[in-house]
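Student: Structure for the following, please:
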Amino acid sequence: MASGAAEAATPADAIAAASVAGLRIEFPFAGGEWLPVVDDVSFELRPGETLGFVGESGSGKTMTALAMIGLIPKPGRVTEGTITLHGSRLEDLNDRSWSRIRGKHIGMVFQDALSGLNPVRTIGSSLTEVVRRHQNMNRGDARALAIETLGAVGIPKPEERVDAYPHQLSGGLRQRVMIALAIINDPHVVIADEPTTALDATIQAQILDLLAELVGSGSLLLITHDLGVAATMCDRIAVIYAGRLVEVGTVGEILGSPMHPYTVGLIQAVPTFEPDRRPMVPIPGVPPTPDQIPPGCAFAPRCPRALERCSSDRPPLGQEGDRLLACWNPHGV
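Tutor: Down below sits the predicted model:
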């Protein structure tokens, strides 16, 4: 797709929604065989919505997000599916066209703030570069916007911090800088990948409140392993396992009445400090690597409800009431 098409389809005053359909991402494994790490993933990020992506480490959450901004690490590649923003297809963009989309129409808060920031550049130079790449603004105005944005994300004395290097800031301040980089051009879609990892509880709450406030009427894709964070922040939750979506629904549906055995397992594994707390029940076994996924349901080897067909027939992600579900035995027959 020509970059001009994307520009025309994404006016500055439009409210964006992103969608992914049938996404398959492959990497080469032993013997040179290409195997999927994300397999037939489809979802829509609705206007004004916060969608939570939850699942164990290695389930494909981050890889899906990286595909949405054209940053899949080489030699990985998208082999099937579509990625859409404002109705325009993105998956076949070249690097130059992606650079016009990233930072302007889609912003991303990366998981590791220290490695996500250039250690030899000041905070201000990173911010002004993002601004000047996408807006017709001189250096002075771009610096003023950088200082204003640093103040908006809660960084004290932004007029001084703008000249600081990443190593001179605490983990919480670096994460605020990452948020500033993601929102400085007012994108309509923001992806936040584990934005509170390694932060203490007080700073975590501040960062989450800040994200909710700054995204405003835009759309937020929040990647997290913390169901408590998802319960607080999200409108809907998408549960992903071994590169496949297994359940998608509202927060109330997913956390209040989970149907997929994997979702049930995730909730039962969450520690609780209530007086009448139930025992924490870990999910047995470990997630499969891409070369170990059975032909049927990927969760079947760990599932307490598995039927004979679960090992051989892959369940489709279909409508189950108001939610989407991929399970042959959701009611434990």
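Student: Could you use CA atoms for every contact and neighbour count after this?
Tutor: Noted.
Student: Give me the residues contacting stretch 70-85.
Tutor: 10, 16-28, 40, 63, 66-68, 89-91, 95, 98 (CA atoms under 8 Å, 6 or more residues apart in numbering).
Student: again, only this time at 7 Å
Tutor: 16-27, 63, 66, 68, 89-91, 98 (CA atoms under 7 Å, 6 or more residues apart in numbering).
Student: who touches residue 33 in this structure?
Tutor: Per CA under 7 Å, 6+ apart, neighbours of residue 33: none.
Student: try the one 10 residues further on
Tutor: Under the criterion of CA under 7 Å, 6+ apart, the contact list for residue 43 reads 19-21.
Student: Next, the contact list for the residue positioned nearest the centre of the chain, please.
Tutor: Centroid check for the chain by CA atoms, centre = their mean gives residue 223 as the closest residue, at 3.8 Å. When contacts are counted by CA under 7 Å, 6+ apart, residue 223 touches 52-54, 61, 192-194.
Student: Select, from these, the two members most distant in space.
Tutor: 54 and 192 (12.3 Å; CA to CA).
Student: So what does residue 68 look like in phi/psi?
Tutor: Main-chain torsions, residue 68, degrees, to the nearest 10: phi -70, psi -20.
Student: can you check residue 319 too?
Tutor: phi -70, psi 130.
Student: Tell me what it is bridged to.
Tutor: Counting by DSSP bridges, residue 319 is bridged to residue 324.
Student: Am I right that it is in contact with residue 325?
Tutor: Yes - taking CA atoms under 7 Å as the definition, residue 319 is a contact partner of residue 325 at 6.3 Å.
Student: quick one, which of those two is more surrounded?
Tutor: Comparing residue 319 with residue 325 by other CA atoms under 10 Å, the one with more neighbours is residue 325, at 22 against 12.
Student: give the contact list for that one.
Tutor: Counting by CA under 7 Å, 6+ apart, residue 325 has contacts 246-248, 260, 317-319.
Student: What of residue 205?
Tutor: Contacts of residue 205 (CA under 7 Å, 6+ apart): none.
Student: any idea which element it lies in?
Tutor: Remark: residue 205 resides in helix 201-215, with elements defined by DSSP states H and E.
Student: what ranges do the helices span in the chain?
Tutor: 3-8, 61-68, 95-101, 113-116, 123-134, 139-152, 158-161, 171-183, 201-215, 227-233, 251-256, 261-268 (DSSP state H).
Student: Now render these as JSON lines, adding mean pLDDT.
Tutor: Output for the helices of the chain, formatted as JSON lines (pLDDT from 0 to 100):
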{"stretch": "helix 3-8", "mean pLDDT": "36"}
{"stretch": "helix 61-68", "mean pLDDT": "95"}
{"stretch": "helix 95-101", "mean pLDDT": "90"}
{"stretch": "helix 113-116", "mean pLDDT": "76"}
{"stretch": "helix 123-134", "mean pLDDT": "95"}
{"stretch": "helix 139-152", "mean pLDDT": "94"}
{"stretch": "helix 158-161", "mean pLDDT": "95"}
{"stretch": "helix 171-183", "mean pLDDT": "90"}
{"stretch": "helix 201-215", "mean pLDDT": "82"}
{"stretch": "helix 227-233", "mean pLDDT": "91"}
{"stretch": "helix 251-256", "mean pLDDT": "96"}
{"stretch": "helix 261-268", "mean pLDDT": "94"}
